[in-house]
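**Q** I'd like to go over a predicted model; first the sequence, then the structure.
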Amino acid sequence: MSGPNPRGERGAALIIAMLITAIATVLAADLVWERDLDFRRTSGLLAQDEAFQYALGAEGWAMRILKEDAEDNQYDHPGEEWAMQLPPLPFPGGTIQGQMFDLQGRFNLNTLRDGNGATNPEAVEQFRRLLQALQLNPRLAGLAADWVDEDVQANFPDGAEDGQYLGFDPPYRTANVPVSSVSDLFYLGEIDLDGYRLLRPHVAALPGNTRINLTTTTPEVLLSLSEEVAPGDAEGVLANRPEEGYEDLSEAAEYLPEGVLGLLGDSSRYFELRVRVDIGTQRFTMYSLLDRDPSGVVRPLRRSFNYE
């Protein structure tokens, strides 16, 4: 019978020691990694909070500009202070920039629904003409109308209700309420990202019925107002628009068919503020829908955010 093997015992002890060292190294590395991750998370949250506060400051500035504009005159045009782009301004650790856009120069998707919650056929035809002017699928107009109207009956021939969307993966139902974001158009399944980017500058999602502001609109939106509006009419009315806008809409009568001027206005209630804040390697963007009521009081209706 052989006795203990000192060499074997020393070898086993060495292996155990190496194993313990390896485990300790892994645990230490894991702790360092977790600590670094927690630090980055905390730094990111602090940067986001700081960016949000700067964005709110810019929103307050925008609201003041809109209020002062209403006190100065009763019409809105691209030459006013609210329309000027704010260039990147430095602050300790980053920069902030922003710009406001008049949303009433765009087609309001919620006009597809009338005051009783039913489909508004005139608005559907207008949206269809806008889509055609942009060379997009005009079927989107009927689908959008069914998405916002109250009933559950599909409009003929281009509408769709729950029956279509329940077959999607994942399935969902029609909203049957006014939309709060233009991005809701993606639910309809008839527009891709390129089409959305092309359409986005010409449409908005605003409360109730709104008139198109002639001084801030686009040629495509003007074309959508009536089949009688020709491309030359739309281009002419905008090319000859005074630098400070049309103070009286009758000045544009020579460029537009009779009856179209009644669909237009020269002042706006709803604006979008876009603010971008860069802090270090992080970028924060806030989109704020601002409502300036007839008395000149300005308030934010909703905000959305994007972090990069």
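**A** All right, it came through fine. Numbers count the residues shown, from 1 in each chain.

**Q** for the stretch 201-308 of the chain, what spans make up the helices?
**A** Using DSSP state H, counting those that start in this stretch, the helices of the stretch 201-308 of the chain run over 219-224, 231-239.

**Q** Just the CA atoms of the shortest one, as CSV, please.
**A** Right, the one you point to is helix 219-224. Only the C-alpha atoms of helix 219-224 are listed here, as CSV (Å, rounded to 0.1, in the frame of the first residue of the first chain):
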residue,chain,number,x,y,z
PRO,A,219,-47.4,74.7,-53.4
GLU,A,220,-48.6,71.1,-52.9
VAL,A,221,-51.1,72.0,-50.2
LEU,A,222,-52.4,74.8,-52.4
LEU,A,223,-52.9,72.4,-55.2
SER,A,224,-54.9,70.1,-53.0
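
**Q** picking up where we left off before, please identify the most buried of the helices of the stretch 201-308 of the chain.
**A** Highest mean neighbour count among those (mean count of other C-beta atoms under 10 Å): helix 219-224, with a mean of 23. C-betas here are computed from N, CA, C, even on glycine.

**Q** what's that one packed up against?
**A** For helix 219-224, the packing partners by 3 or more C-beta pairs under 8 Å, 6 or more residues apart in numbering; DSSP states H and E come out as helix 121-133, helix 231-239.

**Q** Poorly predicted segments of this structure, please.
**A** Residue ranges of the chain with pLDDT under 70: 1-13, 24, 26-44.

**Q** Just give the nearest non-adjacent residue to Glu71, would you?
**A** Gly296 (6.3 Å; C-beta to C-beta, 6 or more residues apart in numbering).

**Q** ugh, wrong one, Gly189
**A** Distances taken as C-beta to C-beta, 6+ apart place Phe168 nearest to Gly189, at 6.9 Å, with adjacent residues excluded.

**Q** show me where the stretch 1-150 of the chain has helices.
**A** Secondary structure of the stretch 1-150 of the chain by DSSP H, counting those that start in this stretch: the helices cover 6-72, 121-133, 139-148.

**Q** Could you tell me the angle between the second one and helix 231-239?
**A** Interaxial angle of helix 121-133 relative to helix 231-239 (axes from the mean of the first three to the mean of the last three C-alpha atoms, to 10 degrees): 90 degrees.

**Q** Ok, the shortest one next?
**A** Following the same axes, to 10 degrees, one obtains 70 degrees for the angle between helix 139-148 and helix 231-239.
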